[in-house]
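Novice: Structure for the following, please:
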Amino acid sequence: MEERTRYLIVDGHSVIFAWPELRKLHARRSSLARETLVKQLRDYQDWTGVHIVVVFDGKGKKVEATSDPADVQIFYSRSGQSADSIIERLASKYAKRYELMVATSDSMEAETVHACGAESISPGGLRELLASARRA
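Specialist: Numbering: from 1, shown residues only. A predicted model of the protein is given here:
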C-alpha cells in the first residue's frame, strides 16, 4: 500500500494565542507573531517532508493565499469569514485523498475535521511535534 502525502493544517491564530511567547509577540506586533510561527512550521516541513498549510483570519474582501512552490502555504480568510471555515472546507475536500492533521485549540473545529476523516492536534501537541522533529 502506498503512503499518502501528509499535510498539517494549522489554525494560525489559535496556535498564536495558545503559545505564551507568540501571544506576547502578537501583543507587540501581530505580523511578528505570524512570521515566527511560520518560520517554525517551515523548519518542520523541511525536516519531515510534511506539507504545511497555515490559515489566519483576514480582513480583506477575498481569500488570499501566499506561497512559493514547496514553501509553507498561507491563507488569509476574507473579512467576515473565519479561518475555521476555510480549514473545515480543506479538511472535507482533502481528508480522503491525503493524510491530514489539523492543529487547533477549537474543540468544535476538531470535531468537524474528525468527521471529515482528518486528525486533530492541540497547540500543545503541535509544540511537542515540532520539538521532537527538531531533536531528531
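Novice: looking at this structure, which helix or strand is least sure?
Specialist: strand 64-66 (a mean of 65; mean pLDDT, DSSP states H and E).
Novice: now the helix or strand hosting S132, how far from the chain's geometric center?
Specialist: Per DSSP states H and E, S132 falls inside helix 123-135. Centre-to-centre, helix 123-135 and its host chain are 13 Å apart (CA atoms, centre = their mean, to the nearest Å).
Novice: Go through that helix and flag the buried ones.
Specialist: Neighbour-count burial for helix 123-135 flags 123, 126-127, 129-130 (criterion: 16 or more other CB atoms under 10 Å). For glycine as for every other residue, the C-beta is placed from the backbone atoms N, C-alpha and C.
Novice: Show me where this structure has its helices.
Specialist: Listed from the start of the chain, the chain has helices (DSSP state H) covering 12-18, 20-28, 30-48, 83-94, 107-116, 123-135.
Novice: Need the winner for burial among the ones you listed.
Specialist: Comparing those by mean neighbour count (mean count of other CB atoms under 10 Å), helix 12-18 ranks first with a mean of 21.
Novice: Quick one: residues in contact with that one.
Specialist: Under the contact criterion CB atoms under 8 Å, 6 or more residues apart in numbering, helix 12-18 has outside partners 22-23, 26, 33-34, 37, 54-57, 83, 103-106, 109, 122-124, 126.
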